[in-house]
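Asks: I would like the atomic coordinates for the input below:
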Amino acid sequence: MAQTKTITGTVISTDDNLPLPGVTVKIKGTTTAVSTDANGKYSINAATGQTLVFSFISSTTVERLIGSQSVIDVTLQSSVRNLQEAVVTGFGVKQERRDLTSSVQVIKGSAVQETHRENFVTALQGRVAGATITSTSGQPGASASIVLRGITSIGSSNQPLFVIDGIRVTNDALSQSSLTSNGDNRRQDFTNRIADINPDDIENITVLKGADAAAVYGSDAAGGAIVITTKKGKSGNGAVTYDNNFSYSDAYRYPSVQSTFGPGTSGYTNPLVRTAFGPAYAAGTPTFDNIKNIFQTGYSQEHNLALEGGNETATYRISGGYRHTGGVLPVAYNDKISLRFAGTAKLSPKLTSSASFNYFNIDNRKLNKGNSGTYINTLAWPTNDDVRNYLNPDGSRRTLIPPTTLLGDNSIDFDNPLWDANKNVSRDKTNRMVANIDLSYDPASWINLRALVGVDFYTTNGNNLLSQYSSSYQNSALNSFASTSGISSGGIIDNYNDNNLLTNGSFFATVKKNFGDFRTTLAVGAEIYDNRDVINGSYGEKFLQPDFNTINNTTPTTQRNSSNFFETRRIGQIARLGIVYKEMFTFNATGRNDYSSRLSGTNNNTYFYPSAGAGFIFTQLPALKDSKVLSYGKIRFSYAGVGKDPFAPYKIKSSVIQQATTGGGFAYDVTGNNPNLRPEKDYQIDFGADLQFFDGRLGAEFSFYQYRATDQIFDPRISYASGYILELVNGGEIRNRGVEAQLTGIPVKTQNFTWNTFVNFTLNRGKVINLGDLPEYYNSDTWIYANARASLFPGSSLTNIATFSYARNNNGQVLVDPSSGLPISNNTFITTGDRQPKFTIGFGNSFNYKAFNLSFLLDIRKGGDVFNGNELFLTRYGLSARTLDRMQPRIIQGVLKDGNENSANPTVNTIQVTPYYQNTYYTSAVESDFVEHNINWLRMRDITLSYTVPQSLIARQKVFKGASVFATATEVFLITNYSGADPDVNGNNSSTRGSGSAGFDYGTLASPRTISFGLRVKL
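Replies: All right, here's what the predicted structure looks like:
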């Protein structure tokens, strides 16, 4: 017999060049076999001339003849798409997809970068099942609201946690209530800070959905987590990469305004009012399309430069990016500079390190939105006056109506939108630094010690100026600057400085051991997180010199200062266990215990939550293992719990704040005491299946989930007799149920042509089970215009729309005022709509023919309601096309409110109304009529055509290693039954808590269509 010897080696995956644990190494023709350990290493006794067979789940089998060598390293190629792809989950830890027991989706950074969107997170809409991403405006620097799997908290943030290379980073957007003016959170937009990240630096994005992500990352990930892995340098010859992008944008969807009737009331001309209820324009009267005239072509450009290289010991990547985004409305722009360094080093055979440093500089010039904002002023401008003529010959403001002090009167003048854009300043500048260090030490082959430390620091300086000649903001009763609130006119400056420091670190000890058919992983560690936010503001009124932009130019007696300090600290203790049996059965469990400073002062400042999941790869069964159709199949189940602390610190005990009234000093804040507050308790179950057919040519993933949250923390209004306005309470229960499906396929694959496709399907239903003892809860930020807001009631949807509607008798008939013949409002908020769609679909395709690639993404939505506040505004001012029937007499169907309305024979209304003479038919229009139901859309989110120069041509010269050119278009077209500009709107910025204001369309510019082109070269 031949003499046996010990053969050792390492097995790695060709997909990502990472070690493969659990590979079966068998001597052919015998029963002798071993498995690779956690580092992909194996050791087996065999004889020269025998053959080793390397087999692994859904990978090609490899055979190696044993000769004189004693070391045999092998690479295995996956026979099923993405199965061996390493997925980054908790704290930078990579896991194989086959070991996961929860829903995870990975988006390649190139797919996001190729859209060339200013805010890269908006490119995830349609690409991620279960994600709802809504931009808050079509202006440069707009924020984006992100929700995964529906609303999980009615009073706290529902945004997911963002993690970059294992370190959490902030995605805050400033709330206007933090400024000295303490205004509503709807008049200005503030960028959500994750938009600072340069998409050219992103390698891939992993989306962890639901509460199972929070089991690792804590309370901030109760709404899921988006984990970003950045590009690193590669060993080998150094490379220089440069790409650019030049874009042009146009606003192609906006409301229509009637140009038949002119200014006046009740059919009479009155040039001193802004309502268009006067007589029809005389023949030959020139009219202007002022909405179209106010827009311009937005021009943008982007440049990225990266240098990378290294060897087996160390790698580096240095990158820089510049982007200028110009708006489709005048003056607005967003400039961003990004500089980044990332490096890795193998300090010893057992110690490796990586570090990165990222600097950002952002300059954002914005336009005011919402009530009296630039867009509303544009809609309201009379069609018989050219909006472009906004200055007098001497350069002063040209007005249409003399100033008035009658607040709420229709004779209040609006600012010309061009005047507003040029003279009313809203601008902020941000400097930001994100840095992290990652150390990994292997004392032995089966144990790893890892420490991560990260810092995210930014400072934003903001300047808001309202000209002393501006009338919209300072004289309107519909905004926080009205004189009825004690703020006089004469010019306003509202400045702020926001300093935010987020530091976090974690340490984990991970043990990986194989015990026969069992492959186990145990990780134990801790995380500490500290976030400090200091917002200093200064405010002043009554300019001493016209439009001199400094707080020193305001009258000293009007000046006020404020300082807001917020600090949150959490400490988490974490344990994770993973067990794999025969590469067929998987069990994962996680436990986390958090200590939160936001619950300091209660008996509940620490809370524990677990998660567990199981997976069964049934294609490992002998009967299915060699199937030619079903290449891979797994069913999985997971359960997760999470605790959630209050949305802000210092809410347990009453605190004092600066007193802004005469005499100064301190006063109690608006939030009262509640030392008995408990953390929220959220639970989620998730059942799913992952399937691959025909060696990965067709793939399917399904998830069915239910999310239940109890002890909801929110801040309802309480009796003013208590001395407070709000109080944090535990009350209520909500539930989310949903279905997600992801289909991937390669319908066609030939030598020169490949067609890749995917479909994402999302269905979610959120419901309020109860609100404790409350009949209603609403966030006042969502009360954007008129009597419509996001109110929640027991039994209602979590995305409910509540408005005033018609008063009715006991039989449901509309009540009519006998003195006017007009319907009567109920003056009560009731459910009139639900913003949640029935389902959404993302449909993406990529066609490769030789050196050409064509890809596009369609976004489909079925159902869901939208409050068309713009149309209500235009109707009340006589500017809507629906008011063109004003000459037509009509009788409101209903019964008179004459005392007999609830009798057996109510008085049927027969009073004729002619709106041309009775403008109140329009000016008192009831809000419920402007909730548009069952809104559908089909939109082309993006389309890209690119050409990569073949290597046969590149090889002829020695300068370039690669080159490509592209053309991209975003928001290409929209087909919808919505009567407004675009139903995909958000009336607030993304800092608004709860269900937010997605689906409230008022004063918000729709996203413009953008066409980009550029090139990419590699040296």
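
Asks: Thr315 against Leu307, yeah?
Replies: No. Contact criterion C-beta atoms under 8 Å: Thr315 and Leu307 do not qualify, at 11.6 Å. Any C-beta I mention is one placed from the backbone N, CA and C, and that applies to glycine too.

Asks: more neighbours, those two?
Replies: Thr315 (20 against 17; other C-beta atoms under 10 Å).

Asks: nearest spatial neighbour of the more buried one, chain-adjacent residues omitted?
Replies: Counting by C-beta to C-beta, 6 or more residues apart in numbering, Gly233 is the residue found nearest to Thr315 once chain neighbours are left out, at 3.5 Å.

Asks: how close does that neighbour sit to Ala129?
Replies: As defined by C-beta to C-beta, to the nearest Å, Gly233 lies at a distance of 33 Å from Ala129.

Asks: more neighbours, the two?
Replies: Neighbour count, other C-beta under 10 Å: between Gly233 and Ala129, Ala129 has more, with 29 against 22.

Asks: hang on, the more buried one packs against Val739?
Replies: No. Counting by C-beta under 8 Å, Val739 is not a contact partner of Ala129; they are 9.4 Å apart.

Asks: residue ranges with poor pLDDT in the chain?
Replies: For the chain, the stretches with pLDDT under 70 are 1-2, 15-16, 58, 79-86, 403-412, 472-489, 660-664.

Asks: closest to the centroid, which residue in it?
Replies: Nearest residue to the geometric centre of the chain (C-alpha atoms, centre = their mean): Ile146, 2.4 Å.

Asks: check contacts around it.
Replies: Counting by C-beta atoms under 8 Å, 6 or more residues apart in numbering, Ile146 touches Val121, Leu124, Ala131, Thr132, Ile133, Gln159, Pro160, Ile226, Ser990.

Asks: just list whatever residues bridge to the fourth one.
Replies: When bridges are taken as DSSP bridges, the partners of Thr132 come out as Val147.

Asks: contacts only, for it.
Replies: Contacts of Thr132 by C-beta under 8 Å, 6+ apart are Gln125, Ser145, Ile146, Val147, Leu148, Gly150, Thr762, Thr840, Ala998.

Asks: who's in contact with Val216?
Replies: Contact analysis of Val216 by C-beta under 8 Å, 6+ apart lists Thr89, Gly90, Phe91, Ala225, Ile574, Arg576, Thr590, Arg592.

Asks: got phi/psi on it?
Replies: Dihedral angles of Val216 (phi, psi; degrees, to the nearest 10) stand at phi -100, psi -50.

Asks: for Val112, same thing?
Replies: phi -80, psi -40.

Asks: that one contacts Leu124, doesn't it?
Replies: Yes. At 7.1 Å, Val112 and Leu124 qualify as touching, with contact defined as C-beta under 8 Å.

Asks: where does the closest residue to Gly665 other than its chain neighbours sit relative to Arg560, distance-wise?
Replies: Leaving aside its chain neighbours, Gly665 sits nearest to Gln659 (4.8 Å; criterion: C-beta to C-beta, 6+ apart). Gln659 sits 10 Å away from Arg560, going by C-beta to C-beta.

Asks: okay, and the common contacts of those two?
Replies: Common contacts of Gln659 and Arg560 (C-beta under 8 Å, 6+ apart): none found.

Asks: these two: who's more crowded?
Replies: More crowded of Gln659 and Arg560, by other C-beta under 10 Å: Arg560, with 17 against 12.

Asks: show me the contacts for that one.
Replies: With contacts defined as C-beta under 8 Å, 6+ apart, Arg560 is in contact with Thr180, Ser538, Tyr539, Gly540, Ala660.

Asks: mind checking how far it is from Trp783?
Replies: From Arg560 over to Trp783 (counting by C-beta to C-beta), the distance is 25 Å.

Asks: name the residues contacting each of Val112 and Leu124.
Replies: What both Val112 and Leu124 touch, as defined by C-beta under 8 Å, 6+ apart, is the set Ile205.

Asks: so Gly864 is in contact with Lys838, correct?
Replies: Yes. Applying C-beta under 8 Å, one finds Gly864 in contact with Lys838, separated by 7.1 Å.

Asks: between those two, which is the more surrounded one?
Replies: Regarding Gly864 and Lys838, a neighbour count based on other C-beta under 10 Å identifies Gly864 as having more, with 24 against 14.

Asks: tell me the contacts of that one?
Replies: Contact partners of Gly864, counting by C-beta under 8 Å, 6+ apart, are Asp834, Arg835, Gln836, Pro837, Lys838, Asn934, Ile935, Pro983, Gly999.

Asks: not counting residues beside it along the chain, what's closest to it?
Replies: Nearest non-adjacent residue to Gly864, counting by C-beta to C-beta, 6+ apart: Pro837, 3.6 Å away.

Asks: do you know how far Ile27 is from Thr4?
Replies: With distances taken as C-beta to C-beta, Ile27 is found 10 Å from Thr4.

Asks: so between the two, which is more surrounded?
Replies: Regarding Ile27 and Thr4, a neighbour count based on other C-beta under 10 Å identifies Ile27 as having more, with 20 against 14.

Asks: got a list of what that one touches?
Replies: Neighbour list for Ile27: Ala33, Ile44, Ala46, Gln50, Thr51, Leu52, Val53 [criterion: C-beta under 8 Å, 6+ apart].

Asks: these two touch, right, the fourth one and Gly67?
Replies: No. Taking C-beta under 8 Å as the definition, Gln50 is not a contact partner of Gly67, at 10.3 Å.

Asks: mind checking which of the two has more residues around it?
Replies: Gln50 (18 against 9).

Asks: ok, now which ones touch that one?
Replies: Taking C-beta under 8 Å, 6+ apart as the test, what Gln50 contacts is Ala2, Ile27, Lys28, Leu65, Ile66.

Asks: show me the two of these that sit farthest apart.
Replies: Spatially, the most separated pair among the contacts of Gln50 is Ala2 and Lys28, at 14.4 Å (C-beta to C-beta).

Asks: quick one, which of the two is more surrounded?
Replies: Taking other C-beta under 10 Å, Ala2 and Lys28 do not tie; Lys28 has more neighbours (13 against 10).

Asks: quick one: the more buried one and Thr4, what's the gap?
Replies: In this view, Lys28 and Thr4 are 15 Å apart by C-beta to C-beta.

Asks: burial of Pro402, as a residue count?
Replies: 8.

Asks: now the residue nearest to it when sequence neighbours are not counted: how far from Asp420?
Replies: Leaving aside its chain neighbours, Pro402 sits nearest to Leu272 (7.2 Å; criterion: C-beta to C-beta, 6+ apart). As judged by C-beta to C-beta, Leu272 and Asp420 stand 21 Å apart.

Asks: partners of the helix or strand hosting Phe966, with directions?
Replies: If you go by DSSP states H and E, Phe966 is part of strand 962-970. Its sheet considered, strand 962-970 pairs with strand 937-948 (antiparallel), strand 1009-1018 (antiparallel) by DSSP bridges.

Asks: centre of the chain versus the last one, how much separation?
Replies: Spelled out, that is strand 1009-1018. With C-alpha atoms, centre = their mean, to the nearest Å as the basis, strand 1009-1018 stands 25 Å off its chain's centre.

Asks: stretch 691-698 too?
Replies: Its chain's C-alpha centre and that of stretch 691-698 lie 32 Å apart, by C-alpha atoms, centre = their mean.

Asks: do the same with stretch 867-875
Replies: 26 Å.

Asks: for the stretch 151-300 of the chain, which segments count as strands?
Replies: Assigned by DSSP state E, counting those that start in this stretch, the strands in the stretch 151-300 of the chain fall at 161-164, 167-169, 202-208, 225-230, 236-250, 264-265, 268-269, 298-310.

Asks: adding distance to Thr970, write the ones you listed out as CSV.
Replies: Formatted as CSV, these follow (distance: least, C-beta to C-beta, whole Å):
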stretch, distance to Thr970
strand 161-164, 22
strand 167-169, 25
strand 202-208, 18
strand 225-230, 20
strand 236-250, 9
strand 264-265, 42
strand 268-269, 45
strand 298-310, 11
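
Asks: mind checking the ones you listed for the one nearest to Ile975?
Replies: Nearest to Ile975, of all these, is strand 236-250, at 18.1 Å by C-beta to C-beta.

Asks: sweet, I'm off.
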